[in-house]
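Trainee: Build me a model from this:
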Amino acid sequence: MKLFPNKILMIEDNPDDVIITKRMIGKTSEECEIEVASTGKEGMERLEKSAFDCLLLDHRLPDTNALEFLKKVRQGYPHLPVIILTGLHDDRLLTGALKLGAVNFLTKDKIDGLSEAILQAVVSGRRAGFLDKQEYVYTKLIESMGEGLFSLDMQETIVFVNQRMADLLAYSEAELLGQSIFSLIKKDETKRWEEEYQAIKQGRRRGFEIDLIGKAKEVVPTLINLTPLFDNKESFNGSLGLVADLSELKRMEARLRESERLTVMSQIAGEAVHEIRNPLSIIRTGLYLLKGYIPKNEKTERKLSQIDEAITRTTSYLEDLLSLSRPPILNAEMIDLKKAIDQSLEEIPPYFLANIILTKNIQEGLFIEADLNRLKQVFVNLIKNSCEIMKAEGILEISAERSQTEESDFVLIRFADAGHGIPVENFEKIFDPFFTTKSKGTGLGLAICKRIVEAHQGKIEVESRLNVGTKFTVRLPMRVTA
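Mentor: Below is the predicted model of the structure:
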């Protein structure tokens, strides 16, 4: 047969299957040369040394599996026709192989059709037409599901995924096929998975929450419903998993907890401020009167001044508590961001900036809708924090620029210092009320900043490296929407 390929590479570790395959092909073409490799590594070496017209690939090899190997073949030999051979009757493998570019998929008990399949693969260069219209519709239905779907074989290797599952973890479908499920599970969650999967192997369905790891190593909280699968002999043959993304739900739960915590805190703060502020007013009035009766000398004036400063500090702390306990009411207007930053710097006591090297890179003509006084409160707090962390000596860079996406138009204001940095374990805590690492800090400054920025429909984020520095980024929309 002239059209039949001259050279075929067969990757198969079972000698009996090799003999049967060679015999079947020999009936069609005595001139066809068949080279055999018993492992994936040996197969790749042969592909690198010689050109082949077709590749016959066993599904399960000693050092890899067909899906993983097929991905490597497609990278280096994208036009080489590949036919998967397997002893398993499993449509999941068929679908996974097709997605990775295999042109045919044969079970070894139907190998009598191998020669025809090889001829069709080489001549047409197209996938074999073994998906009828109903299967096509079924496949499209799976791909358009709102939830992730995956299937595992006996070795807990991914043999099928839909597009939603790939999107959920920021992979392509091809990248997921052939991977072990354990490559997607957080290390501290593997024991949990193994415990749940024992029930699956015993034929029981399971639903449980577990954290998966995306391509960029981000944690994705999910709810997985697993169903055991069985072959036609009722033997366990893997599993099918339905995956729901819980990221938004977890964020909503966190916001609800924060809201409840702030509500309780607001009630306590409101009552505390009311109970303390009145006595403070009486003390300050008494101090004013006392100054008129006590003979003036340096010692008494110093003591009275200390008392007055203590009252001022306490009053300021109470005002911070009130700011935290109630939503900021904004008096929004169009403001010049450059002037707002300059005015904020003018409010910083000179000794804070005495030994600071200040650099500013503010884009000209930045006007945003915001509450000037509230925004200055944020800027002053962030500048003071940077100066205190650097112990009033170091470099402080302030920058502001406009940025746009298809969905939004906003400004980015950055405050970057060269201080000692923030430990990673504190990242999630620094905006919590009353959390502070300063010996004399109240832990309210950043919490109030966050509330003010969020009231402007913005975000405040932090990046930090130990012994390098910290950068706070305030993202604000150009206009506050109703």
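Trainee: which stretches of the stretch 151-300 of the chain aren't confidently modelled?
Mentor: 262, 265-266, 269-270, 274 (pLDDT under 70).
Trainee: try 50 this time
Mentor: For the stretch 151-300 of the chain, no stretch is flagged by pLDDT under 50.
Trainee: As a check, name the ranges of all helices in it.
Mentor: 163-168, 173-176, 190-201, 247-293, 298-325 (DSSP state H, counting those that start in this stretch).
Trainee: separation between residue 112 and residue 23?
Mentor: 11 Å (C-beta to C-beta, to the nearest Å). Where C-beta positions appear, they are placed from N, C-alpha and C, glycine not excepted.
Trainee: got it, and residue 237?
Mentor: From residue 237 to residue 23 the distance is 30 Å (C-beta to C-beta).
Trainee: neighbour count winner among these two?
Mentor: residue 237 (19 against 10; other C-beta atoms under 10 Å).
Trainee: Please report the distance of the more buried one from residue 228.
Mentor: 8 Å.
Trainee: Residue 450 too?
Mentor: Residue 450 is 47 Å from residue 228, by C-beta to C-beta.
Trainee: And for residue 396?
Mentor: Separation of residue 396 from residue 228 (C-beta to C-beta): 60 Å.
Trainee: ok, the two, which is more surrounded?
Mentor: Applying other C-beta under 10 Å to residue 396 and residue 228 shows that residue 396 carries more neighbours, namely 24 against 18.
Trainee: Quick check: the more buried one touching residue 385?
Mentor: No. Using C-beta atoms under 8 Å as the test, residue 396 is too far from residue 385 to be in contact (10.4 Å).
Trainee: What backbone torsions are found at the residue of the chain most remote from its centre?
Mentor: Farthest-out residue of the chain from its mean C-alpha position, per C-alpha atoms, centre = their mean: residue 295, at 67.6 Å. Phi and psi for residue 295, reported as degrees, to the nearest 10, are phi -60, psi 140.
Trainee: can you map out the helices along the stretch 351-482 of the chain?
Mentor: 372-389, 445-455.
Trainee: The first one to helix 445-455, inter-axis angle?
Mentor: Relative orientation of helix 372-389 with respect to helix 445-455: 150 degrees, computed using axes from the mean of the first three to the mean of the last three C-alpha atoms, to 10 degrees.
Trainee: what does helix 372-389 contact?
Mentor: If you take C-beta atoms under 8 Å, 6 or more residues apart in numbering as the criterion, helix 372-389 is touched by 328, 330-331, 333, 335, 340-341, 343-345, 347-348, 352-353, 356, 396, 398, 413, 415, 417, 419-420, 438, 445-446, 448-449, 452-453, 455-456, 460, 470, 472, 474.
Trainee: Where strands are concerned, which of those count?
Mentor: 333, 335, 356, 396, 398, 413, 415, 417, 460, 470, 472, 474 (DSSP state E).
Trainee: And the fourth one, how close does it get to residue 343?
Mentor: Using C-beta to C-beta, one obtains 17 Å as the distance from residue 396 to residue 343.
Trainee: got the contact list for residue 432?
Mentor: With C-beta under 8 Å, 6+ apart, residue 432 has these contacts: 443, 447.
Trainee: phi, psi of it?
Mentor: Dihedral angles (degrees, to the nearest 10) for residue 432: phi -80, psi 140.
Trainee: Could you do residue 50 as well?
Mentor: According to degrees, to the nearest 10, residue 50 has phi -130, psi 160.
Trainee: could you pull out the helices for the stretch 1-150 of the chain?
Mentor: Applying DSSP H, counting those that start in this stretch to the stretch 1-150 of the chain gives helices spanning 15-28, 40-49, 66-76, 91-99, 114-124, 133-143.
Trainee: rank these by mean pLDDT and give me the bottom one.
Mentor: Per-stretch mean pLDDT for the helices of the stretch 1-150 of the chain is lowest at helix 133-143 (a mean of 56).
Trainee: Can you tell me the centre-most residue of this protein?
Mentor: residue 218 (3.5 Å).
Trainee: residue contacts, the closest residue to that residue other than its chain neighbours?
Mentor: Taking C-beta to C-beta, 6 or more residues apart in numbering, and ignoring the residues beside it in sequence, residue 218 has residue 170 as its nearest neighbour in space, at 7.9 Å. Neighbour list for residue 170: 214-216, 218 [criterion: C-beta under 8 Å, 6+ apart].
Trainee: how close does residue 170 sit to residue 245?
Mentor: 12 Å.
Trainee: Same question for residue 154.
Mentor: When residue 154 is compared with residue 245 (using C-beta to C-beta), they lie 27 Å apart.
Trainee: of these two, who's got more company?
Mentor: More neighbours surround residue 245 than the other of residue 154 and residue 245, with 20 against 16 (other C-beta under 10 Å).
Trainee: Surely the more buried one and residue 219 touch.
Mentor: No. At 11.9 Å, residue 245 and residue 219 do not qualify as touching, with contact defined as C-beta under 8 Å.
Trainee: measure residue 51 to residue 31 for me?
Mentor: 16 Å.
Trainee: Residue 59 is in contact with residue 83, isn't it?
Mentor: No. Between residue 59 and residue 83 there is no contact under C-beta under 8 Å: 11.1 Å.
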